[in-house]
Each structure stands twice: as C-alpha cells, then as structure tokens.
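>>> got a sequence here, can you model it:
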Amino acid sequence: MNDQTIETPGKHLLRCGPGEDILDLDRHLATGGFEAVKKALDMQPDAVREEVKKGNLRGRGGAGFPAGVKWGFIPADNPKPRYLLVNADEGEPGTFKDRYFLEHDPFPLLEGIIISAYAIGANTSYIYVRGEFVKQIRILEDCIAQLYKSGYLGEKVLGRDYKLDIYVHPGAGAYICGEESALMESIEGKPGRPRNRPPFPAVVGLFGCPTIINNVETMACVSLVFRHGAEKFVQMGLEKDGGPKIYCLSGHLKKPGLYEAPMGTNLKTLIYDYAGGTLDDRPIKGVIPGGSSTPVLTADEIDISMDFSSLAAAGTMLGSGATIVFTEGTCPVAVLKRISQFYAHESCGQCTPCRSGTGWLSRIVDSIESGNGRAGDCDLLLDAAGNISGNTICALGDAAAMPVTSFVTKFRDEFERHIAEGRCPYGN
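Below is the predicted model of the structure:
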C-alpha cells in the first residue's frame, strides 16, 4: 500500500497517508479518538440505531443495504447471544480499501465495532480477515491488545455496564468466504460454503444465534457518524447515501490508488481530477466501476454519479467502489478472460449452475481469445450466463455472469472479430 496514492480531503476516513500510520492508542486519542464511542455508550441502543439510520449509512461491502435497518432485523425477544461479524476478507480483484484500515489506521474500525456491537446487544465480535493479510492481522491484534489494556474492551467498556470481546479470525484466502453465510461457516470450522436462506443471519447466524455482518469501511463510517453527528455525515455524501466513500482507482491511470471523496462524486472527476487521467492521455475504452463482478461501462457512459442508485439505473453497480480503467488498445476479450478465470477458480462447487457454468464461461472466453472461437460462441456465452444468473445459492454465480453479459453485449464486434479472424487482433 505504501506505493499507492492516498488522497485524504478532510481526513474523515483516510486520516493518514503512507508513513503516517496511527497504530498507537495515545496518538489516536489525541486526534479525538473514542469520543464517538463515549457519545454512543451514553445513549440507549435503540437511539444508537436510529442515529445510524438518520445518517443514511449504506453498507460499503457491495450490496449497499442501510446499516441501521439491517441491525433492526434481530428479533427483540430472541434470548440467544448475539454476534457482530466484520468482513475483512476483501478478495474481489480491484479492491484494496479495507486493508488500508487494518494496516494503517485500525482504530476507526474498532470504534465502529464497539458502537455497532452495543447497538445490537452483542458481547462478542469476530473480525474475519483474509489469511494472506499476515502483517495486517498482526497490527490489528496489537491494537486490540492496547484497547483491552486501557479498558476500552473487556468486562466493562469504558467503565460502563457493557462487556465486549473482539477476536481476529484469519481465513484461508477463499473468495467465497466474503459471502456472509460462507464466512459464518468458516468461523464455525466448516468448509466455506454459503447457506440456503431463509433463515437469515439476523435470526439464525453464527452458532445458530442472531448475527449481523458488516464490512470494514462500514464500521469505520459508523464511528464517523458519531464523531460528527448524523446530519453532518449525510452532508458528506448524498441525501439518501450519506457519508464519504473510498474509491479504489486502478488500471491505466497516472495516479492509481485510494481516494476518499463524497458519495456520488462523478466518475470522470475521479478519473481525471483525482487520478490524473489516463496513461499517455489515451482515450478510455471501458471502466469497471465497482469491482470485477460489476458490469462494464463504455467511454460514453462514464459521466455518471458514483453512488448506488445512479449506477444501478445505468445497469451496473457501485459494489465495493473498486474502479478499474482500461484504455484504447486493450483487448476486452483478454480482460474478460482474466475475470472469468478468477470466478471459475473461486467457485466453491456447491451448486451446479456455478460449479459447471463458471467453468464453461471461462473455457469459451479462453477459446475465443486464443483464436479457437466458433460462430455462435457469443450467443452461447449470453445463454450460459443467463442460466447461471439467479440460479445459485449465493451471488458468486451472478458475479461471474454479469461481466460476461456486459462485455459481450458492449464489445460484441470485437468478440466476433476474434472468431472471424481466428486470432486476437491485439496480438495476445
């Protein structure tokens, strides 16, 4: 991450850049740390949930579901223990924002966990971290130890009659474990495979108990809501999509990296003003706006607000905010080949449409790119993707199918040219 650009206008979430890590509790406290926690713990849990609702905080993990509303799904009369899980798996290509908090500034995340756990009545929280993040896990565990030592975790959080324990749970690097029910299965010591739903995690989750799962950036935003207040948080973004957003900009850009901007910042502004434009000022050919699973936008579609509703209306998604830019001279078939290989490899194999279908998609795209495509392959790809979408236990099938559908639809002439010429016109 130290070679990435860290843009911190307002220093709301991305408080520090490379070389400016905040890993010491005293330094965090000197910046106003834990004032948000103190404010929240002086409120009733219901009032904490309402404050998050007023902030219009939508989950930053991809689905964009309102966090405060999600918390309210736990049945009030359920006597079982409650759990808060934090998804730090971050396995989608193009996404590299959550590891920033783990490595450079974990305390906003930990503050958000304390506030959120208190709001839902949970006394135990697990942070599920991708197993490859060895350095980040070590840093996170050290920061948690500092909180226990100083009374911010344990039997009496800040001297209040509230107990909370936080555990770091390393995963094994499976993309599927970013899916919330597979994540729970993994924590329970089982293979990371999604569960059929209903029941939903808020009713029957980890160890059969009510469970809420949120993303790292979402937890950091919870802290921000209480640091500044819900009204100010809304002003940092859009009326219906409150707060700032961290955008991961990569690909053919002069300054790829992490950029914090208001939710709803125009995509062209992010590319040209924040990231400095494209390499050698080449024209843009396509932009994947929210991670490798989101449908691609063509160059004439990028004058768009980067928020959940606007991108959905354009037929794509904000997802994790991982924006991948590729310019003219790039083979779209080669791009799709890499994406399709990833999802075929990461399918857990639990359900047939995904287990078999993702492999078929990958093999067909590979044959087109290698010059062995056949007439009708484009229609075959669209048909296969259509039979996967909506027919799998979890969203990985959709994640594999959506890029295929969008790339074939928007760059079909280039796919057909590969087939007609029996080669990649770009020399791949």
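>>> surely Lys80 meets Pro210?
Yes - assessed by Cβ atoms under 8 Å, Lys80 is found in contact with Pro210 at 6.3 Å. Every C-beta, even on glycine, is put in place using the N, C-alpha and C of the backbone.
>>> more neighbours: those two, which one.
Pro210 (23 against 15; other Cβ atoms under 10 Å).
>>> torsion angles phi and psi at Thr316?
With angles defined as degrees, to the nearest 10, Thr316 sits at phi -140, psi -160.
>>> got a list of what it touches?
Pro289, Gly290, Thr294, Pro295, Val296, Leu297, Ser406 (Cβ atoms under 8 Å, 6 or more residues apart in numbering).
>>> name the nearest residue to it, sequence neighbours excluded.
Once flanking residues are discounted, Thr316 sits nearest to Pro295: 4.2 Å by Cβ to Cβ, 6 or more residues apart in numbering.
>>> any idea how far that neighbour lies from Ala312?
Using Cβ to Cβ, to the nearest Å, one gets 10 Å for the distance from Pro295 to Ala312.
>>> contact partners for the closest residue to His418 other than its chain neighbours?
Leaving aside its chain neighbours, His418 sits nearest to Ile368 (5.0 Å; criterion: Cβ to Cβ, 6+ apart). If you count contacts by Cβ under 8 Å, 6+ apart, Ile368 has them with Val333, Asp377, Phe415, His418, Ile419.
>>> and the residue lying closest to the last one once chain neighbours are set aside, which of the three is it?
By the measure of Cβ to Cβ, 6+ apart, the closest residue to Ile419 outside its immediate chain neighbours is Gly373, 3.8 Å from it. Following DSSP: H, G, I helix; E, B strand; the rest coil, the label given to Gly373 is coil.
>>> got the phi and psi for Gly373?
Per degrees, to the nearest 10, the backbone of Gly373 is at phi -70, psi 160.
>>> pretty sure it is touching His418, no?
Yes - counting by Cβ under 8 Å, Gly373 does reach His418; the two are 5.6 Å apart.
>>> would you map the helices across the stretch 101-250 of the chain?
107-120, 134-149, 180-187, 216-228, 230-235 (DSSP state H, counting those that start in this stretch).
>>> which stretch among these comes nearest Leu23?
helix 134-149 (6.1 Å; Cβ to Cβ).
>>> that older thread, kindly reformat the helices of the stretch 101-250 of the chain as JSON lines containing mean neighbour count and distance to Ile22.
Formatted as JSON lines, these follow (neighbours: other Cβ atoms under 10 Å; distance: least, Cβ to Cβ, whole Å):
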{"stretch": "helix 107-120", "mean neighbour count": "26", "distance to Ile22": "6"}
{"stretch": "helix 134-149", "mean neighbour count": "16", "distance to Ile22": "9"}
{"stretch": "helix 180-187", "mean neighbour count": "24", "distance to Ile22": "27"}
{"stretch": "helix 216-228", "mean neighbour count": "27", "distance to Ile22": "12"}
{"stretch": "helix 230-235", "mean neighbour count": "18", "distance to Ile22": "21"}
